[in-house]
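*Asks:* I would like to see how this sequence folds:
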Amino acid sequence: MMKTRRHILPLLLTGMILGLSACSTTRVLSEGEYRLASNKVRIVNEANEKVNIGEIDKYIKQKPNSSMIFGWNPFLNIYNWSGDNEKSFWRKIGTAPVIFDQDQVAASVSNIEKHLEYIGYYNSKVEAVIKLDKKIAKVDYHVQLGKRIPIRRIRYTLPKEGPFAVDFLKDTSHISIKPGDYLSEKALEAESARSASHFRQLGYYSLSKNNYFFEADTISDPTGAILELKINEYTRNESAKEASRIDKYNFGKVNIYHPKSLNFKENVLRKMNLIHPGDPYSEDIVNNTYNRLTSLKLFSSVNIELNRRENQIVDCDINLNPSKLQGFKTNLEMSSNSSGLLGISPGLSYYNKNFLRGGEWLNLGFMGNFQFKPKTNIHSTEFGVSASISLPRFLLLPYSWFKDQVPRTEIKASYNYQNRPEYMRNLLFTSFGYTGYHKDLFYQFYPLQLKIVRLYHLDEGFYNSLANNPFMKNAYQDHFDLGAGGTLYFTNTNEVVPKGSYYFTKLQLDAAGNILSLFKPLMNKDSNGAGKLWGTPFSQYVRGELTLGKVWRLGKNENHAIATRFIAGAGYAYGNSKGLPFDQHFYGGGSNSLRGWQARSVGPGLSKADTTFVIPNQSGDMKLEANLEYRFKLFWKFEGALFADAGNVWTFHKDGNDTENVKLGRFRFKDFGKSIAADWGLGLRLDLNFILIRFDFGMKLHDPARDAGERWLGLKDWFDKNGCALHFGVGYPF
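*Replies:* Numbering: from 1, shown residues only. Prediction:
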């Protein structure tokens, strides 16, 4: 009976897909109306490799409906189930077809021709070929690229009065337009913006790109253009009668305004402000002041208003509007697998962004993690509390040392209680360090990290089972961890739910015990010769982890995305330690990792699941993981996903008394392919803009923990025990 059910489900799914695809997508159209099915752009002459067709596509006015899978959008079919009933339920959940508008085609042709001229293809021609068949419209845009004109010479005409001409000639080596380049309005505009910005850094407050004028002489030299760059003392929107000398400016009066209800130390605002009366004007100083004030996260808006007055003086008014200064945040994650093990992880935090009236951030957090199997006594409980305070300055150094962002000083402390069937454990953690960012780089450096771990009620049978595995036995002992660590995170987006293409790189490094090892000769020793501090062996190790990720937005309106991620990490214990502390181990599985497995249930290597743990707790010294995900728009605020994950964790430990299963967990090149765990799955996401709620259903493809010959899993296994996992999460997995 079970086998029959396994075959019925995929057959039903296949039948539903075929049934949907067979339905009409034009039933709701009136007589004479057509559904726009596609736009295609084709370059008909030889220079097609120099033009981005995707860029041209943006200038087509009317877009067809987006597609999901192989050009098919099932929600078009669903919408057409409504027939002539405008109030039908199917219209609410389906997608209306785009009705072809021929007037939009003519506008698109004009748009494309103007764009081609803007990027330097002069007198280009675009022909639209419209194909109408069975209420379906398809439009092909045939593009004949126009002539390109090389720049032969460049001459400059500059203001004769004032210091500007001298400063301009010093910058000519940085001008982006060179003889031999092709003439285009796009390149001229880019150089105008670059040059004007450069001179505003030097004090030329009134200069803008609109002071730049270009004339191209294509008659004197038939092989190209002689380009003249003029910088006038009036803008493109003004006449010569309105000219005023291009000169350097200084800052004048500086005023900072904010509501009296904002109880804030004025001296902090003054120190954050880099605009000082009498200093030479610089656009960078204005921008850096804006960034410093914004980074306090106290204000919903920061507006810096500049007012020019006589004698080359610029007054400055800084207007600050406060944001919400305190509140609560909640978080909830859930997971389940086919073995019946359920997990719930709630979280609650309180924040105050002006704790001591100087932009200090206070964060208090409370978390829990509960795993259980219904109708059994299997369960685990974890509670945690944390507190942190972040100061808007680098302790021991003045604000004036930093011309851009001011690093923040962070002090953190936390307590964590864990009660599992095998043991009970208390963890105390505190750290001191600095955080900050510069452009796209976020950094953290903690010169002091202290962690104390105490174990209680260790199950005797569990501990004895680790006798032949010193790697794991060392992990389940009391330890004292004193060291340093840091993180570098590079990305081109800071959105909570990114809407465009983006990338990120994250590097984490930690080291512990090296300073304490210098005093080891003075310490008491345990039976293994390890130095002890306050009766507890101190840990000595290094650990690093690198994460690389990139997301490409594709398709019409960027409704499709390809997301990738790669993780590589390793840790090594030495000196006073035989193994990494357990909390420094690597693990796989869960809602943000290998989604065919529950958290901590993968690996290490080819080893079998450790049955001494009632609840999975697999881990290792090393981790490799790769993730690939295709994301696509469904309807309303719902998105779908198709994903695949691969990777595992491994150990480095070697010992003559190791069991065969422990040996299978080691990293060995000859077993690398066999030891990779792989899964695939489907996801459903609800994007509410400020938060994204996610459900992912992962199915195992290759399980290295199984016997050889049984590691590859198929359709019959995906809905069987231990063949899949369901995850609930908040935000994208990566």
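*Asks:* For Asp440, grab the count of nearby residues.
*Replies:* Asp440 has 14 neighbours, counted by other CB atoms under 10 Å. Yep, even glycine has a C-beta here, placed from its N, CA and C like the rest.
*Asks:* Revised request: answer the last question for Leu362.
*Replies:* 16.
*Asks:* show me the contacts for the residue lying closest to it once chain neighbours are set aside.
*Replies:* Among residues not flanking Leu362 along the chain, Phe355 sits closest, at 4.0 Å (CB to CB, 6 or more residues apart in numbering). Shown in contact with Phe355 (CB atoms under 8 Å, 6 or more residues apart in numbering): Trp361, Leu362, Ile389.
*Asks:* residues touching Lys134, list them.
*Replies:* Thr26 are the contacts of Lys134 under CB under 8 Å, 6+ apart.
*Asks:* what about 10 Å?
*Replies:* Shown in contact with Lys134 (CB atoms under 10 Å, 6 or more residues apart in numbering): Ser24, Thr26, Tyr34, Arg35.
*Asks:* for Leu692, same thing?
*Replies:* Val496, Val497, Pro498, Lys637, Glu639, Arg685, Leu686, Gly729, Val730, Gly731, Tyr732.
*Asks:* same check, this time on Leu507
*Replies:* Tyr443, Gly486, Thr487, Leu488, Tyr489, Phe490, Gly544, Glu545, Leu546, Thr547, Leu548.
*Asks:* quick one, phi psi at it?
*Replies:* Phi and psi for Leu507, reported as degrees, to the nearest 10, are phi -120, psi 120.
*Asks:* Tell me the bridge partners for it.
*Replies:* Leu488, Leu546 (DSSP bridges).
*Asks:* can you confirm Tyr141 is in a helix?
*Replies:* No. Under DSSP: H, G, I helix; E, B strand; the rest coil, Tyr141 sits outside any helix and is assigned strand.
*Asks:* can you pull out the helices in the stretch 501-650 of the chain?
*Replies:* Counting by DSSP state H, counting those that start in this stretch, the segments of the stretch 501-650 of the chain that form helices are 514-517.
*Asks:* what residue ranges in it score low on pLDDT?
*Replies:* The stretch 501-650 of the chain contains residues with pLDDT under 70 at 555-557, 611-615.
*Asks:* could you pull out the strands for the stretch 501-650 of the chain?
*Replies:* Taking DSSP state E, counting those that start in this stretch as the criterion, the stretch 501-650 of the chain carries its strands at 502-512, 524-525, 531-533, 536-537, 541-554, 560-573, 622-633, 638-650.
*Asks:* tell me the residue furthest from the middle of the chain?
*Replies:* Ser220 (52.6 Å; CA atoms, centre = their mean).
*Asks:* and it, what element?
*Replies:* Assigned by DSSP states H and E, Ser220 belongs to no helix or strand.
*Asks:* For Ala609, grab the count of nearby residues.
*Replies:* Neighbours of Ala609 (other CB under 10 Å): 15.
*Asks:* Look up how far Glu233 lies from it.
*Replies:* Distance, Ala609 to Glu233, by CB to CB, to the nearest Å: 78 Å.
*Asks:* With Lys178 instead?
*Replies:* According to CB to CB, Lys178 and Glu233 sit 26 Å apart.
*Asks:* Comparing the two, which shows the higher neighbour count?
*Replies:* Legend: neighbour count by other CB under 10 Å for Lys178 and Glu233, higher for Glu233 (20 against 8).
*Asks:* in terms of contact, does that one touch Lys241 like I think?
*Replies:* No. In this structure, Glu233 is not within contact of Lys241 by CB atoms under 10 Å, at 11.1 Å.
*Asks:* hang on, the earlier thing: tell me the buried residues within the contacts of Leu507.
*Replies:* Among the contacts of Leu507, those scoring as buried are Tyr443, Gly486, Thr487, Tyr489, Phe490, Glu545, Thr547, Leu548 (criterion: 16 or more other CB atoms under 10 Å).
*Asks:* now these as CSV including distance to Arg292?
*Replies:* CSV is the format used below for the buried ones among the contacts of Leu507 (distance: CB to CB, whole Å):
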residue, distance to Arg292
Tyr443, 17
Gly486, 23
Thr487, 22
Tyr489, 20
Phe490, 21
Glu545, 31
Thr547, 29
Leu548, 30
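*Asks:* follow-up on the earlier one: please narrow the contacts of Lys134 to those residing in strands.
*Replies:* Secondary structure defined by DSSP state E assigns Arg35 of these to strands.
*Asks:* Farthest-apart pair in the contacts of Lys134, please.
*Replies:* Ser24 and Tyr34 (13.3 Å; CB to CB).
*Asks:* between those two, what contacts are shared?
*Replies:* By CB under 10 Å, 6+ apart, the residues touching both Ser24 and Tyr34 are Lys134, Lys135.
*Asks:* Gly723 is in contact with Lys716, correct?
*Replies:* Yes. Between Lys716 and Gly723 there is a contact at 8.7 Å, judged by CB under 10 Å.
*Asks:* So which of these two has more stuff around it?
*Replies:* The neighbour count for Lys716 versus Gly723, taken as other CB under 10 Å, is higher for Gly723 (21 against 13).
*Asks:* Once you drop chain neighbours, what's closest to that one?
*Replies:* Distances taken as CB to CB, 6+ apart place Asp717 nearest to Gly723, at 4.3 Å, with adjacent residues excluded.
*Asks:* ok, now Lys506?
*Replies:* Thr547 is the one closest to Lys506 (CB to CB, 6+ apart), at 4.2 Å.
*Asks:* And that neighbour, how far from Leu306?
*Replies:* Distance, Thr547 to Leu306, by CB to CB: 42 Å.
*Asks:* What number of residues are in the vicinity of the residue nearest to Gly723?
*Replies:* For Asp717, the count of nearby residues is 20 (other CB under 10 Å).
*Asks:* any idea which element it lies in?
*Replies:* helix 715-718.
*Asks:* I'd say Gly120 and Lys147 touch.
*Replies:* Yes. Between Gly120 and Lys147 there is a contact under CB under 10 Å: 9.4 Å.
*Asks:* who has more neighbours, the two?
*Replies:* For Gly120 versus Lys147, the count of surrounding residues by other CB under 10 Å is larger for Gly120: 22 against 9.
*Asks:* In space, what's closest to that one - neighbours in sequence excluded?
*Replies:* Nearest non-adjacent residue to Gly120 (CB to CB, 6+ apart): Ser184, at 3.1 Å.
*Asks:* Distance check, that neighbour against Ala225.
*Replies:* 11 Å.
*Asks:* shared neighbours of the two, which are they?
*Replies:* Common neighbours of Ser184 and Ala225 (CB under 10 Å, 6+ apart) are Ile149, Ile151.
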